[in-house]
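In: quick one, fold the following:
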Amino acid sequence: MMRRCAAPLRLGIDGRHLRIVCLLLLTLFPGPVARGQQHTFRIDERDGVRIAENNGIPKYSGELFAYEPLLTIKEDERPESLLYRPGQLFLDGSGQYVMADGGNMRICAYDSTGRFRRSFGRLGGGPGEFQYLRLQSVRDGIVSIFDFGQRRTTRYSIEGELLDVTPVPSEAGTILDFFELAPSGERLALAIETPLGGFRSGREWARLTVFDARGDSCWDHTFDPVEVSYTLSFRTGGGNEVTDVFVYHFSSRPMCVFSPIAGIVYSSGREPRLEFYDLTGALKRVVTIGLASEGVSRAERRRIDRFLQERIEKNPGYMGERFRAQREQLQLPERKAFWSDMEIDDAGFIWLRFPTLQMWELERPLESHRYYVVGPDGEYLGITQRPACSDSRVMGGRLLATLLDTESRETSLAVFTVCPASSGLRYPAP
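Out: A predicted model of the protein is given here:
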């Protein structure tokens, strides 16, 4: 008698059952974003505060903007045009470009074609002299500079005439950043201060203090403590094999910017939330973006760890200890952040730079920088990339960037036109 083999067991799921199984899996194991989820944006008002809420899905997919080269600002045959550590580049309403020459402690002005016109300021302690300058704003023909070394703000006309010098009172504490405000003719200064002074690890709080033109405090606001983490950058030289190595890790840190359009904008960096204050200290708007915090891939951390271990073995003594400290910092429990820098352009767009853990050497070119972009009304628009640079900003429909070339060690000042990319979104014309 022949034994009949049992028919093989067949498991089949039709389309209806498959949809049910998928819904069950998404319910039990929800991912960060379900496929097909749409961008949502809503505006509400609570207790007189305008609340703009995003769900973390950008309005536009694909690359948001592209950048078409417009001009490059270069040195010419004149000795006064030579630059040493060029920094912040701004565009004046008259079409002139203004740049901070940090190495020479001066401000340089260029015409609309990028040709050098004049410079003003120098190293020193007197009026119109600087120890550690930062170009803060160029607005209505007035150039505002803050000197972190002397804790004071200096204003020039765009033609180089010294207008005034105003110190920041000692009660402001350690200044982490500084902004000058120019509302309706009255001049105010805003300081963001932390006890640690930035660039250290630990818990710190931030305090915003607004002063009038005489240096008297108008109001201040203290924010909740935040956890911050920094890995310092450093440079080696002399007989060491490595001449330039930078490893940095920005995590949650308080940030603040001022815009004549948006007012005072604060971010703790520890949550995807922006707070907008007016010049009386009143909270007016809140924008939540609904993003998931950015972490660093394990592969990237392992690559940097191997690099640092090699440098520890090849550099005994002091530099080896520096590399070892870097490696220990890298191995700490990862603190995630949402963005590491914040900017508001003159059209009201908010640019939030991705947090980074990155290393580079002279032979390794820098990569581009990624940004979240939020519209003037608080809507999360999408993601864009900018050319790698030490400093950049968008003004008048142009990207003003201080570019770094790690191979030649040269710095160039470049201007780009902001153009539509794959998203199709057009940046507003100036």
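In: just checking, what packs against the lengthiest helix in the chain?
Out: Assignment by DSSP state H gives helix 298-314 as the longest helix of the chain. Judged by 3 or more CB pairs under 8 Å, 6 or more residues apart in numbering; DSSP states H and E, helix 298-314 is in contact with helix 318-330, strand 357-360. C-beta here means a position set from N, CA and C on the backbone, and glycine is covered the same way.
In: kindly recompute the last result at 6 Å.
Out: helix 318-330 (3 or more CB pairs under 6 Å, 6 or more residues apart in numbering; DSSP states H and E).
In: just checking: what are the partner strands of the helix or strand containing residue 67?
Out: Here residue 67 is covered by strand 65-73, with elements defined by DSSP states H and E. Using DSSP bridges, the strands paired with strand 65-73 in its sheet are strand 410-420 (antiparallel).
In: what lies in contact with the partner strand?
Out: 65-73, 86, 89, 397-404, 426-427 (CB atoms under 6 Å, 6 or more residues apart in numbering).
In: just the buried residues of it, please?
Out: Neighbour counts over strand 410-420 (16 or more other CB atoms under 10 Å) mark 411, 412, 413, 414, 415, 416, 417, 418 as buried.
In: kindly report the same for stretch 81-90.
Out: 81, 83, 86, 87, 88, 89, 90.
In: strands - which of the residues you listed land there?
Out: With DSSP state E as the criterion, strands contain 86, 87, 88, 89, 90 from among the buried residues of stretch 81-90.
In: tell me the spacing between residue 159 and residue 118.
Out: Distance of residue 159 to residue 118, computed by CB to CB, to the nearest Å: 8 Å.
In: next one: residue 397
Out: 25 Å.
In: more neighbours, those two?
Out: More neighbours surround residue 397 than the other of residue 397 and residue 118, with 17 against 12 (other CB atoms under 10 Å).
In: could you check how far the nearest residue to the more buried one once chain neighbours are set aside is from residue 413?
Out: Spatial nearest neighbour of residue 397, excluding adjacent residues (CB to CB, 6 or more residues apart in numbering): residue 430 at 4.2 Å. Residue 430 is 19 Å from residue 413, where distance means CB to CB.
In: cool, residue 391 as well?
Out: 10 Å.
In: determine the residues that are contacts of both of the two.
Out: residue 402.
In: how about the nearest residue to residue 167, chain neighbours excluded?
Out: residue 152 (4.3 Å).
In: low-confidence ranges, the stretch 1-150 of the chain, go.
Out: 1-36 (pLDDT under 70).
In: residue ranges of the helices in it, please?
Out: Taking DSSP state H, counting those that start in this stretch as the test, the helices found in the stretch 1-150 of the chain are 15-28.
In: thinking again about what came up before, which of the contacts of strand 410-420 are buried?
Out: Using 16+ other CB under 10 Å as the threshold, 65-67, 71, 73, 86, 89, 397-404, 427 are the buried ones among the contacts of strand 410-420.
In: out of those residues, which is nearest to residue 211?
Out: Nearest to residue 211 out of these is residue 89 (CB to CB; 27.0 Å).
In: and that closest one, what are its bridge partners?
Out: residue 99.
In: how close does it get to residue 340?
Out: 20 Å.
In: repeat for residue 149
Out: Counting by CB to CB - residue 149 and residue 340 are separated by 25 Å.
In: looking at those two, which is more packed in?
Out: residue 340 (21 against 12).
In: can you verify my assumption that that one contacts residue 351?
Out: No - contact criterion CB atoms under 6 Å: residue 340 and residue 351 do not qualify, at 11.8 Å.
In: let me know the closest of the ones in strands among the buried residues of stretch 81-90 to residue 108.
Out: Among those, and counting by CB to CB, the member closest to residue 108 is residue 86, at 8.0 Å.
In: for that closest one, which residues are in contact?
Out: Contacts of residue 86 by CB under 6 Å, 6+ apart are 99, 101, 402, 411, 413.
In: check which helix or strand covers the residue nearest to residue 127 when sequence neighbours are not counted.
Out: With sequence-adjacent residues excluded and distances taken as CB to CB, 6+ apart, residue 127 is closest to residue 165, at 5.3 Å. Using DSSP H and E, residue 165 sits in strand 162-167.
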